[in-house]
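Peer 1: Quick one: sequence and predicted model below, then my questions.
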Amino acid sequence: MNIIQERYELAKTRILELPKEIEGEYGKYILQITELFQTIFDVYQTENPDKKQYETWNQVLYQDLAGKHYQTSFANPAYAVSCFGEKIGQYLAWLLAAVRDAIVAAYEKDQYEIVLRMELFLQAVAILQEEETEKFLKEMIYYYIHDYDEERMEKNIRRMLSFDADGIYDIVMHSDFSDTSYLYRYGEYITENEIQMAAFLSSLSEDTLSAMAHTYTEGYRKGFEVAGIDLNQKKTVQIRYHIGFEPMVRQAVKQFEEMGLKPVFTRKTNTQAVGVFSSSPNKQYQYDHRFDDALYLNHALVQERLKMAEKIFENFSEEAAAYAGPAVIEIFGEKLFTPETKKESPAYSEEQEKLSVEYRREYSLIQNRFIPQDSYSFTIIAYPVPEIGERFADIFKATVEVNTLDMDVYRKIQQALIDALDQGDYVRVTGRGDNHTDLRIQLHELTDPAHQTNFENCLADVNIPVGEVFTSPLLTGTEGTLHVTGVYLNGLRYENLEFVISDGMVTEYSCSNYATEQENKKYIKENILHNRETLPMGEFAIGTNTTAYVMGRKFGIEAQLPILIAEKTGPHFAFGDTCYSMSEDVVLHNPDGKEIIAKENECSALRHTDISKAYFNCHTDITIPYDELGDIQVFTKEGKSITLIEEGRFVLPGTETLNDVLQELS
């Protein structure tokens, strides 16, 4: 018996004895985790389970988070705090969330990861019998994080960069899609969303699935072509998708392998922001735990993590050089979510806010040294999921049409916009009706207009669907108010979101989600400014995909469209880094041959003198939909004005055909 097996057997025996000994105020808590472990043991030890067993496990393992059950789950910080007090309640809610990580480990037959959670739980049980419970729990959590940080980080980086024929690859490439029970092999929460999605896609012909995948993989290939990056030097592509899309992903894997790329897969979790994911059993649970690291984050830990990251990336430098970048399948149509902000959830101190920002910035700089952003590409495409409603099949078909619009048609229309914009000194954008946007966007000066342009003619390569022209505006001279009456950003709802801009930087911000100004500002600061006091406007774009806009209005799904599609349905403004972050020096040309010169602003230019002040590791797009849009006008240095859009309709010669589809809404 090896040492890990021995530790597993000893810890398992002890955990199974606990129900006989439980008493006192922590009894119900210990029992909840003990019962969770009993199912985890069952999953880990069962070979070749049948569909009924999979379904039972799926229900039992996630039932405490789903629906009303979460109100009385110890994973809910509000409930745990009500039972045990502020600090102990937060620590025990964190512990239950940490133990839940053993669920996926059990499905992956990862005994070591299960053992770590078992031993952590048993250590906590012993501490709960001590007099200084709060102190010892705090120390336990810190040292658990500290002692296993390097292992955890190495595992995440290895999975991002190295091909593994087992695990998720095996599910995608070798499952029988006619039997949807394969979905349960992930160990993630499986709902009708995943089951119906898998059944729908498996009903499509292989030719149809191959064509869908080709839109996605060809966009990826074109991204390398446009950026002048040699794809032949790359070996791995990171595929990110929603569980249920395996029939399409299998075709994509085959097409990527024909390009010489092997797929790598990571899982999306609260701490791992991107990867393979399923429907959440409860989005409030994820929101409640988003700042769990506030329980232990300090300066020493941040510095150690950064040293670890540098060392691990150095060890994987060959794999990093061969990494081609992410290929992402996003989804939309899930039930809309407005979070409840709970005072009981862990929250950063002012010092921790700074540490969090510092860590994200410095980690991204380390990663960029080994995987420079000008050495890889990406692509993103989005599809609806069945949760969107009874008209799912029609919406899916319409989305496929949006994703495959004729690029040549849009290239010409968007070039007309760019030709007008390139005459400008600045652009003015106004709202109408209840929208009181009034923004002045300062453009870079073209020193050689015959060969230079400010705006990228964005076609359907890395960013699917087609439909925008965008630039990195100058900060100095960019000012005014940006307002949208309602918008979803990264899955969160904002009512009457408003930013005041001065010299390109956010100076004031507000929304009307909550009863107090303080709550509203905190909500924006945490989720859009990412715990910063301000951010620059990194992008100004004009979306031209009126077909996508009409799709949203026709099916009543405007609020559910992902930013990938929503940003094409009106002008949008991004706060944070520019679209060319860390790749400003790559020479890019539009289809007309002109070089795109507006790739940086006054912040990103600081990379030459103080790189720590140049980048923000975030980029959040906010779109004004056509029905809230007033005018977009270009103003030249000579005082001439050119109107591109008037009262939400395209009026510039060469662009009027974009209005044709809008007549469907009349």
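Peer 2: Arrived safely, thanks for sending.
Peer 1: starting at the chain centroid, how far to the helix or strand containing A327?
Peer 2: Mapping A327 onto the secondary structure by DSSP states H and E places it in strand 323-332. Remark: strand 323-332 is offset 10 Å from the chain centroid, using Cα atoms, centre = their mean, to the nearest Å.
Peer 1: Check stretch 418-435 too.
Peer 2: Per Cα atoms, centre = their mean, the displacement of stretch 418-435 from the mean C-alpha position of its chain is 29 Å.
Peer 1: buried residues in it?
Peer 2: Along stretch 418-435, the positions that meet the burial threshold by neighbour count (16 or more other Cβ atoms under 10 Å) are 418-424, 426-431, 435. For glycine as for every other residue, the C-beta is placed from the backbone atoms N, C-alpha and C.
Peer 1: for stretch 297-312, same thing?
Peer 2: If you call a residue buried by 16+ other Cβ under 10 Å, then stretch 297-312 has these buried ones: L297, L301, V302, R305, L306, M308, A309, E310, I312.
Peer 1: Pull the residues that contact it.
Peer 2: 145-146, 149-150, 153-154, 157, 348, 352, 355-356, 358-359, 362-363, 366-367 (Cβ atoms under 8 Å, 6 or more residues apart in numbering).
Peer 1: returning to what we had before: buried set for the helix or strand that comes right after the strand holding A327?
Peer 2: The C-terminal neighbour of strand 323-332 among helices and strands, as given by DSSP H and E, is helix 350-370. By neighbour count, and taking 16+ other Cβ under 10 Å as the criterion, the buried residues in helix 350-370 are 352-353, 355-357, 359-368, 370.
Peer 1: how far does the helix or strand just after helix 350-370 sit from the chain's center?
Peer 2: From helix 350-370 onward toward the C-terminus, using DSSP H and E, the following helix or strand is strand 379-384. The chain centroid and the centroid of strand 379-384 are separated by 12 Å under Cα atoms, centre = their mean.
Peer 1: Report the angle between the next helix or strand after strand 379-384 and strand 379-384.
Peer 2: Taking DSSP H and E as the definition, the helix or strand that follows strand 379-384 towards the C-terminus is helix 392-403. With axes from the mean of the first three to the mean of the last three Cα atoms, to 10 degrees as the criterion, the two stretches helix 392-403 and strand 379-384 enclose an angle of 150 degrees.
Peer 1: What about the buried residues of stretch 297-312, which are in strands?
Peer 2: Secondary structure assignment (DSSP state E) places none of the buried residues of stretch 297-312 within strands.
Peer 1: Tabulate the residues you listed (JSON lines), appending pLDDT and distance to Y91.
Peer 2: Written out in JSON lines, the entries for these read as follows (pLDDT from 0 to 100; distance: Cβ to Cβ, whole Å):
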{"residue": "L297", "pLDDT": "97", "distance to Y91": "14"}
{"residue": "L301", "pLDDT": "97", "distance to Y91": "17"}
{"residue": "V302", "pLDDT": "97", "distance to Y91": "21"}
{"residue": "R305", "pLDDT": "97", "distance to Y91": "21"}
{"residue": "L306", "pLDDT": "97", "distance to Y91": "26"}
{"residue": "M308", "pLDDT": "97", "distance to Y91": "25"}
{"residue": "A309", "pLDDT": "97", "distance to Y91": "27"}
{"residue": "E310", "pLDDT": "97", "distance to Y91": "31"}
{"residue": "I312", "pLDDT": "98", "distance to Y91": "29"}
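Peer 1: Show me which of those is closest to L497.
Peer 2: Ranking the buried residues of stretch 297-312 by separation from L497, with Cβ to Cβ as the measure, puts L297 on top at 28.4 Å.
Peer 1: Backbone dihedrals for the closest one, please?
Peer 2: Here the main-chain torsion angles of L297 (degrees, to the nearest 10) amount to phi -60, psi 130.
Peer 1: ok, it to R305 distance?
Peer 2: L297 sits 10 Å away from R305 when distances are taken as Cβ to Cβ, to the nearest Å.
Peer 1: Now the longest strand seen in the chain: average pLDDT?
Peer 2: The strand spanning the most residues in the chain, taking DSSP E as the definition, is strand 474-489. Strand 474-489 shows an average pLDDT of 95 in the prediction.
Peer 1: who does it touch, helix- and strand-wise?
Peer 2: For strand 474-489, the helices and strands in contact under the criterion 3 or more Cβ pairs under 8 Å, 6 or more residues apart in numbering; DSSP states H and E are strand 438-442, strand 492-502, strand 619-623.
Peer 1: Which one of these lies nearest to M212?
Peer 2: Go through the helices and strands packed on strand 474-489 one by one with Cβ to Cβ and the one that ends up closest to M212 is strand 619-623, at 24.7 Å.
Peer 1: what comes into contact with the closest one?
Peer 2: With Cβ under 8 Å, 6+ apart as the test, strand 619-623 has contacts from 482, 484, 487, 489-490, 497, 499, 528, 538-539, 541, 543, 563, 566-567, 569-579, 581.
Peer 1: same question, stretch 410-425
Peer 2: Applying Cβ under 8 Å, 6+ apart, the set of residues contacting stretch 410-425 from outside is 427, 442-443, 445-446, 449, 453-455, 457-459, 466-469, 471, 542, 544-545, 590-592, 634-637, 640, 642, 644, 652-655, 657-658.
Peer 1: Inside strands: which ones of those?
Peer 2: For the contacts of stretch 410-425, membership in strands holds for 427, 442, 453, 457-458, 468-469, 471, 542, 634-635, 642, 644, with DSSP E as the criterion.
Peer 1: Of all pairs in those residues, which one spans the longest distance?
Peer 2: Taking Cβ to Cβ as the measure, the ones in strands among the contacts of stretch 410-425 span a maximum distance of 23.3 Å, between C458 and F635.
Peer 1: Give me the more crowded residue out of these two.
Peer 2: C458 (23 against 17; other Cβ atoms under 10 Å).
Peer 1: how far away is the more buried one from Y359?
Peer 2: Distance, C458 to Y359, by Cβ to Cβ: 32 Å.
Peer 1: Provide a list of residue ranges in the protein with pLDDT below threshold.
Peer 2: Within the chain, the ranges that satisfy pLDDT under 70 run 1, 270-273.
Peer 1: Can I get the buried residues of stretch 297-312 in CSV including distance to Y62?
Peer 2: Converted to CSV, those look like this (distance: Cβ to Cβ, whole Å):
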residue, distance to Y62
L297, 28
L301, 31
V302, 33
R305, 30
L306, 35
M308, 32
A309, 32
E310, 37
I312, 32
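Peer 1: Name the nearest of those relative to Q32.
Peer 2: Distance to Q32, by Cβ to Cβ, is smallest for L297 among these, at 26.8 Å.
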